[in-house]
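Student: Generate a structure from the sequence data that follows.
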Amino acid sequence: MSTHSDDIFSLILESQKDTLQAPINVNAKIAGDHFANWTSGSEGRLAIDVYDTEHHIVVLAPMAGVDPSGVEVHIHEDMLSIRGIRKTPSLTEDVQGQYHAECYWGPFSRSIVLPVDVSSAGAIAEYTHGLLTIHIPKKKTQAGRTIPIEIVEE
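Tutor: Now for the predicted structure:
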C-alpha cells in the first residue's frame with residue numbers, strides 16, 4: 001500500500017485493488033417476480049422519512065426503478081408496512097461481470113410503528129418520479145377529562 005498521505009485517491013484505489021480485479025457474478029437471479037420469496041431472508045430494507053403535519057403523518061419512500069403497480073402499502077392500527085420488488089434491469093449487451101455493486105435488486109420492505117393514532121380509511125398513497133408519498137390522517141382525539149375521586153372510608 002502506498003504511504004503518500006497527501007494522495008487520498010491513491011490510497012482508496014490501492015485499498016480496493018483486490019476487489020477491482022475480481023468481477024462480481026451477475027448471473028444470480030431473483031426467483032420469480034412475486035412476493036412468494038419474502039421469507040427467504042434476502043430482502044432489502046426500504047429507506048423512509050416520516051413527517052408530522054397538523055392533520056397528517058406523511059411518509060416519503062424513494063423507490064427509483066420500481067414498478068408502482070407491484071408496491072403494496074398496508075396500514076393496520078398504528079403499523080405501516082410497505083413492500084415491493086425492484087427488478088434487475090435488462091442490459092442490451094452480454095455482461096461478463098460487474099466491478100462494483102451498491103444497488104439492491106429484488107424484494108424489499110419496511111414496517112414501522114406510527115408515532116400517533118391514525119385513520120387508515122383516509123390514507124392516500126401517490127407515486128411520482130420514483131418517490132412514494134403516503135398521507136395518513138391523524139385520528140382526532142378528544143380532550144382529556146378530569147375524573148373525580150370518590151373517597152371511601154372504612
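Student: Which strands and helices lie in contact with the helix or strand where H135 lies?
Tutor: Using DSSP states H and E, H135 sits in strand 131-137. Using 3 or more CB pairs under 8 Å, 6 or more residues apart in numbering; DSSP states H and E as the contact test, the elements touching strand 131-137 are strand 56-62, strand 72-76, strand 79-86, strand 124-128. Placement of C-beta: from N, CA and C, glycine included.
Student: Can you tell me the strand partners of that strand and which way each runs?
Tutor: Strand 131-137 sits in its sheet next to strand 56-62 (antiparallel), strand 124-128 (antiparallel), going by DSSP bridges.
Student: Out of those strands, which gets nearest to K87?
Tutor: Closest of these to K87 is strand 124-128, at 15.7 Å (criterion: CB to CB).
Student: Quick one: distance of that closest one to the chain centre.
Tutor: The chain centre lies 15 Å from the centre of strand 124-128; the measure is CA atoms, centre = their mean, to the nearest Å.
Student: out of the strands paired with strand 131-137, deepest packed?
Tutor: Mean neighbours per residue, mean count of other CB atoms under 10 Å, is largest over the strands paired with strand 131-137 for strand 56-62, with a mean of 18.
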